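# give me a model of this one.
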Amino acid sequence: MNEGGQPKLVSRREHKKSTLRQGRTIGAKRERLETANERAAARKKDKHKKTLRVTTSIILFAVFVAVVVVLVITFVSGGGDSSAPAPSEYVVTYNPTIEIIDESSSSNDKITSHMKEYIGQVETAFKEKDYKPIRAVIPVGSIREIHFYLDGYNGYFKMITDRGAGVSVEDADRMLRYLDEQGKTEFEYIDVRIDGRAFWR
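Prediction:
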């Protein structure tokens, strides 16, 4: 008001400038904007943490289920039984199909399972080299020596169960090829009972 009690007249332009930002400052507006941005960032961060927790929980659950399934399969298939042999430990048995003659007995009932196994191994080894074994003879008084006869040969092969069947047949094959190179087609026997040596008569 002026001195006469009349209100002071102010130009519209000045009045507009005075009331445009009355009670509001630029700093206050910036604070409100920063607070809103912080709240949005916090919400985004919380959402990310929640997603991470859910994903981690799903992965852990999947791992747990997989472990349980493997344990169940192992138990059901008998994998936990340590007494069961591994596939590579299965024993191959050789059953001879050739004639076996025990000269010390009127029957073959006294032939041991070890002897039969060895005869089967020798028979298989000869067949793998394209020979045809026809008979195995256990001489009188022998518990380890066996004589083998092949089709096409009039002589026999002296072998002993203490040596491996495969190496004995290898030696017999080498001796047959040697005799063939020498032009000798007949022999009484070939002896391959000693490792690294072979004799013929």
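# number of residues surrounding the residue lying closest to residue 160 once chain neighbours are set aside?
Among residues not flanking residue 160 along the chain, residue 193 sits closest, at 4.3 Å (C-beta to C-beta, 6 or more residues apart in numbering). No exception for glycine: its C-beta is placed from N, CA and C like everyone else's. Residue 193: 19 surrounding residues under other C-beta atoms under 10 Å.
# what's the answer for residue 138, then?
Residue 138 has 23 nearby residues by other C-beta under 10 Å.
# how far off centre is the longest helix along the chain?
For the chain, the helix with the greatest residue count under DSSP state H is helix 26-76. Mean-position distance between helix 26-76 and its chain equals 38 Å (C-alpha atoms, centre = their mean, to the nearest Å).
# what of stretch 159-175?
For stretch 159-175, the distance to the chain centre is 34 Å (C-alpha atoms, centre = their mean).
# sort out which residues of it are buried, please.
By 16 or more other C-beta atoms under 10 Å, the buried positions in stretch 159-175 come out as 159, 161, 163, 165, 168, 169, 171, 172, 173, 175.
# could you check how far the fifth one is from residue 195?
Yep, that's residue 168 we're talking about. Distance, residue 168 to residue 195, using C-beta to C-beta, to the nearest Å: 9 Å.
# helix/strand/coil for residue 111?
Of the three states, residue 111 takes coil under DSSP: H, G, I helix; E, B strand; the rest coil.
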